[in-house]
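1. This is a predicted model, with the sequence first.
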Amino acid sequence: MTLKFAFENLSDFFLMNGHGPYVWSSYAITFAVIAIMAALPIMRRKALIKSQRAQSLRESVIQQQDVPQESNKSSEA
Amino acid sequence: MAWQWFHRLGSPRWFYEKTSPWMLWLGLIAFGLLIFGAIWGLGFSPADSKQGNSYRIIFIHVPASIVALAGYYVMAISGAVGLIWRMKLSFMVMKSVAPIGAALTFASLLTGAIWGKPTWGTWWEWDARITSMLVLLFLYIGVIALQNAYRDRDSADKTCAVLSLVGMVNIPIIYKSVDWWYTLHQPATLKFTEASSIHPSMAYPLLTMILAVYLVFAWLLLTYTRVEILDREKRTKWVADLLKKSA
């Protein structure tokens, strides 16, 4: 089975004998949908990393607030 | 030996670490094959004797439809496994299929409508297959909506599993619709038990695209499940360390 380009030139390839808008919009929309689906989990992962960093920052701040109180207690004891 | 594998599968961490080395390769092959198949179908297969060039939509419409249907099986079965064996990883897979399946069903309906206009003269008909595919879209969206409707994750998972299983009745209806009803949508071209009516020069790019879309689905499902694992297990040390390292 030999493969050959099914159109005379590139312009015919885009026009597709009048069916161009149908074919190209189908492919474009489907590929756009796939691209969006591929991007969503990547964005979600980045958001997770960001919230994790914020969370650990909050925890370290709370820890630092505890430390002077603890040392007070130990000096009193 | 087999049971050992099955029990390990219950561990989200094991699943996450086992799939990590595959993601890059699977992604490259899947998307590479998709682009290759699309170019083949668009430019290197002959025009159809009756439909001309509009038939080229087949190379995305049919693969999207097939995988949208297959995806529903994955969702229903992983829901059932989650219910029976109380495997939270299974529920994570179930949750992850829903948006991907919805997107593929949407693509199938949209490309079908666009193809219908020059072929049948209409964007839409309430024909058996088209209507049951629309029902499939509503089922997928229903699972997504149900997941977000519950505050308690366990309840959300269980209800979605039940909805997925109940909706399974729609799948053979979609598949057989063109045989059972005298309806607009054409019958199957690719057959399992007899010779297909499609010419090889069109069949080969079509089979390539079907494989490509299956691989893209697999890559997407793994990616979504892996992020779901990170989200649900973010209180554990291994996830906290992993996220910290990625920062």
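-> Nice, I can see it.

2. So, low pLDDT: which residues of the chain?
-> Since no chain was named, I'll use chain A. Residues of chain A meeting the criterion pLDDT under 70: A:1, A:67-77.

3. I was thinking of chain B, sorry if that wasn't clear
-> If you take pLDDT under 70 as the line, chain B has these spans: B:1-5, B:7-9, B:189, B:191-196, B:247.

4. in it, which spans are helices?
-> B:2-9, B:12-19, B:23-43, B:58-85, B:88-120, B:128-149, B:153-166, B:170-180, B:200-232, B:237-246 (DSSP state H).

5. Need the residues that contact the third one.
-> When you say that, I think you mean helix B:23-43. The contact list for helix B:23-43 (C-beta atoms under 8 Å, 6 or more residues apart in numbering or on different chains) reads A:3, A:5-7, A:13, A:23, A:27, A:31, A:34, B:56, B:58-60, B:204-206, B:208-209, B:211-213, B:215-216, B:218-219, B:222-223, B:226. Where C-beta positions appear, they are placed from N, C-alpha and C, glycine not excepted.

6. could you check the angle helix B:200-232 makes with that helix?
-> 150 degrees (axes from the mean of the first three to the mean of the last three C-alpha atoms, to 10 degrees).

7. near chain B, which residues of chain A show up?
-> Contact residues (C-beta under 8 Å from any C-beta of the partner chain) of chain A with chain B: A:1, A:3-7, A:13, A:16-17, A:19-20, A:22-23, A:25-27, A:29-31, A:33-34, A:36-38, A:40-42, A:44-45, A:48-49, A:52-53, A:56.

8. Out of these, name the ones that lie in helices.
-> Judged by DSSP H, the subset of the residues of chain A next to chain B located in helices is A:13, A:20, A:22-23, A:25-27, A:29-31, A:33-34, A:36-38, A:40-42, A:44-45, A:48-49, A:52-53, A:56.

9. and residue 64, how many residues sit next to it?
-> You didn't say which chain, so I picked chain A. 9 (other C-beta atoms under 10 Å in any protein chain shown).

10. let's do chain B instead
-> 28.

11. Identify the residues contacting it.
-> Residue B:64 neighbours (C-beta under 8 Å, 6+ apart): A:30, B:104-105, B:107-108, B:111, B:213.

12. With neighbour count and distance to residue B:129 added, can I get the residues you listed in a markdown table?
-> Below are the contacts of residue B:64 laid out as a markdown table (neighbours: other C-beta atoms under 10 Å in any protein chain shown; distance: C-beta to C-beta, whole Å):
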| residue | neighbour count | distance to residue B:129 |
| --- | --- | --- |
| A:30 | 27 | 19 |
| B:104 | 31 | 15 |
| B:105 | 26 | 12 |
| B:107 | 26 | 15 |
| B:108 | 25 | 10 |
| B:111 | 25 | 14 |
| B:213 | 28 | 18 |
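
13. So what's the residue count around residue B:235?
-> Residue B:235: 8 neighbours (other C-beta under 10 Å).

14. any idea how far it lies from residue A:52?
-> In this view, residue B:235 and residue A:52 are 10 Å apart by C-beta to C-beta, to the nearest Å.

15. list the buried ones in stretch B:27-37?
-> For stretch B:27-37, the neighbour count (16 or more other C-beta atoms under 10 Å in any protein chain shown) marks B:27, B:30-31, B:33-34, B:37 as buried.
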